[in-house]
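Peer 1: Here is my input; please provide its structure:
(one chain, ligands or ions: 3)
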Amino acid sequence: METIQQGHQDTMSELDVVITGGAVATIGGVIDCDVGIHNGSIAILARNLGAKGRQVIDASGKLVLPGGIDSHCHIAQLSSSGLETADDFESGTRSAAAGGNTCLIPFAAQHRGQTLRHTIDQYHARADGKAIIDYAFHLIISDATDEAIREELPALIEEGYTSFKIYMTYDLLKLNDREILNVLATARSHGAMVMVHAENHDVIGWLTERLLAAGHEAPKYHSAAHTEIAESEATHRAIALAEIVDLPILIVHVSAKEAINEIARARARGLKIFGETCPQYLFLTAKDLDRPGFEGAKFMCSPPPRDAENQRSVWRALETGVLEVFSSDHAPYRYAGTDGKAAAGPNAAFHKVANGVPGLETRLPLLFSEGVGKGRLSLESFVNLTATRASKLYGLYPRKGTIAVGADADIAIWDPDKTVTIRHELLHDNMDYTPYEGRTVTGWPILTLSRGEIVWDGEQVIGVPGRGAFLRCDRPGPAASRNSSVLERAISGA
Ligand code: DUC
Ligand code: ZN
Ligand code: ZN
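Peer 2: Ligands and ions are numbered 1, 2, ... in the order given. Predicted coordinates:
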C-alpha cells in the first residue's frame, strides 16, 4: 500500500504517522476521520491532519480498524503428547500480522510435575527476540497442586498473568471437578478470568473405545467420539461449578447448538458466562473429516466441526451476542512428515492424531467476508468480536483493541473489496496446509501497524522479529464475582 514520506524538513510535523481518508472504526462508531499517531499511540482523531504527519498513509476508500487480537492460539507449545506446534513466535506472529492482527494471547502450558513459574519462564524464553507483534500469556493449568493454586497463581496474577485455561478432557490435562472448584475459587479471590475447555472426558473415552473395538479408526470417527452431547454436558457442569463458586467464566471454542443453549440459559438466569467460537465451527463441517484416506486429519480439532444446522446456530449466537469472542484456536500440526498429524503413522487411528487446525491469518478475512460482507454482522460487531471484547475480557483494554486517543496505535487497514482465493502458498505460517484452501473471500487486510510501525505492507511482513513486546494484563473487570457464592450463603445463613 502506498505511503508518502514527508521527510524531516517539515518543521510543523508533530505526528509520526497520519492515516488519512479512511472510514475509522472508533468506540463511538464508524466515522470518516484521520488518525494521528505519536510515539506509538493514537494521539488524535480529527479531519485534515495530513499536513502534520511525517509519514502519511492514504486510506481513502478503505476501512481503518483496530488490529485483531487473537486471544486463543497455541504457539511454540509442546502438547501433552510431546508434539511441538509448527509455529513458533516468529512464524506465528508473522502470519498473524499478515492477517490483520496486532496482538496474540497464546498459552503458557503447564505439564504435570512442572511449577507454573517454570512454565512461564519457559514460554518467555520461547517468545523473547522472536515476536513481531505484541503478546500476553494465558496459563494452562494441568497440575492443580496446593502450591500451584494457593501460592503460585496469586503471585502470577499480580504479575500480569490474569487468565487461565483449564481442561475437562485430555488424559494429561484434565482437572476433576474438585480441582476445577479450587482453581475457580482462587480466580475469584484474586480477580482472574478462567477459560474452560468443556467436553466430557469419560464420554469421549467410552465412545472411542467402542468405535475402535468395532474397527472404526478413520478421522471421521473423531467427530462421533466427540459428540456434541459431551460438549453440552460439560458446558452445563462448568457453568454449575462456576455458579457454586460465584465466578464468571468463559467457555472456549463453542461448536454446537446445545452448548450455546446452556450458555444462553445461564445468562438468562443472570450468570456472567462468556462464550468464544472459532472459524472451524462456521466454515468446516464433519463432512470435511470424511475426506478420502487420511486427508480428514487436516480438519480434526476438539470440539470437532459439526453440521450445517450447528453452523447456523453458531452464526446466530454471534449475531445475538451469546458468543462474544471470535478466536482462531490456531493449533498448527503439519499434515506431512512425522512431527504433525501423522506422528503416530501415516494412517494412525483417530485418537492418536494431534488435535488442531491452523487459522491465525485466515480468521479475520473469513469472518469479514461471510459476516460483514454478507450483512450478518455490522462492522462494529466484527471489531468487537475480533478485538475489543477480548481486550476487555483479558485485561488489555483500553490499551489494546480499540481506536481511541491514548490507545496503542495497533491498526489494520482493510480493502473491503479485495477478493482473495485462499491458498496455503499465500499465507505466512509454518504449516503445510490450510483447511480453507480454495475458498474465496472478499475483504483483506492490506496494511498492519503495530504501535504505529508498519509490520505488514500488503505484500510482505516487514516487522522485525523481537520488536513485539510482552504485555502484562490487568485484572479483567468482567471477571468480577457477584459476591454470592453457595459457600458464603451457607456460612452466613442467607
Ligand atoms: N483443541 C484444543 O483444545 N486445543 C488445541 C486444538 C484443539 O483442537
Ligand atoms: Zn481447548
Ligand atoms: Zn485451544
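
Peer 1: So which residues of the stretch 1-150 of the chain form strands?
Peer 2: Assigned strands in the stretch 1-150 of the chain, in chain order: 3-5, 15-20, 23-26, 29-32, 34-38, 41-46, 53-58, 63-66, 68-73, 101-109, 134-135, 138-140 (criterion: DSSP state E, counting those that start in this stretch).

Peer 1: now the shortest one, how far from the centre of its chain.
Peer 2: For strand 134-135, the distance from its own C-alpha centre to the chain's C-alpha centre is 13 Å (CA atoms, centre = their mean, to the nearest Å).

Peer 1: do the top helix by length along the chain and ligand 1 meet?
Peer 2: Ranked by residue count under DSSP state H, the longest helix found in the chain is helix 228-245. No: contact of helix 228-245 with ligand 1 (CB under 6 Å from any ligand atom) is absent, the minimum separation being 11.4 Å. C-beta coordinates here come from the backbone N, C-alpha and C atoms, glycine included.

Peer 1: before we move on, what about stretch 156-164?
Peer 2: No: applying CB under 6 Å from any ligand atom, one finds stretch 156-164 out of contact with ligand 1, separated by at least 13.9 Å.

Peer 1: And stretch 125-143, by the same measure?
Peer 2: No: applying CB under 6 Å from any ligand atom, one finds stretch 125-143 separated from ligand 1 by no less than 9.4 Å.

Peer 1: ok, and for that stretch, which residues are buried?
Peer 2: 126-127, 130-143 (16 or more other CB atoms under 10 Å).

Peer 1: Looking at the residues you listed, which is nearest ligand 1?
Peer 2: Nearest to ligand 1 among the buried residues of stretch 125-143 is Ile140, at 9.4 Å by CB to the nearest ligand atom.

Peer 1: ok so, going back, just put the strands of the stretch 1-150 of the chain in a markdown table and tack on mean pLDDT.
Peer 2: A markdown table is the format used below for the strands of the stretch 1-150 of the chain (pLDDT from 0 to 100):
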| stretch | mean pLDDT |
| --- | --- |
| strand 3-5 | 60 |
| strand 15-20 | 98 |
| strand 23-26 | 98 |
| strand 29-32 | 96 |
| strand 34-38 | 98 |
| strand 41-46 | 98 |
| strand 53-58 | 97 |
| strand 63-66 | 98 |
| strand 68-73 | 98 |
| strand 101-109 | 98 |
| strand 134-135 | 99 |
| strand 138-140 | 98 |
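
Peer 1: ranking these by burial, who's on top?
Peer 2: Sort the strands of the stretch 1-150 of the chain by mean neighbour count, taking mean count of other CB atoms under 10 Å, and strand 68-73 sits at the top with a mean of 30.

Peer 1: can you list the weak-confidence ranges in this structure?
Peer 2: 1-13, 494 (pLDDT under 70).

Peer 1: re earlier: the buried residues of stretch 125-143: which two are farthest apart?
Peer 2: Using CB to CB, these reach their maximum pairwise distance at Ile132 and Asp143, which is 31.8 Å.

Peer 1: For Phe382, give me phi and psi.
Peer 2: phi -60, psi -50 (degrees, to the nearest 10).

Peer 1: if we can go back for a sec, direction included, what does the helix or strand following the longest helix of the chain pair against?
Peer 2: Per DSSP states H and E, helix 228-245 leads on to strand 249-251 as the next helix or strand towards the C-terminus. Using DSSP bridges, the strands paired with strand 249-251 are strand 193-197 (parallel), strand 273-277 (parallel).

Peer 1: Please see if the last one touches ligand 1.
Peer 2: No: among the residues of strand 273-277, none lie within reach of ligand 1 under CB under 6 Å from any ligand atom; the closest is 11.6 Å away.

Peer 1: Show residues contacting that strand.
Peer 2: Applying CB atoms under 8 Å, 6 or more residues apart in numbering, the set of residues contacting strand 273-277 from outside is 71-72, 195, 239, 242, 248-255, 260, 263, 266-267, 314, 317-318, 322-327, 393, 478.
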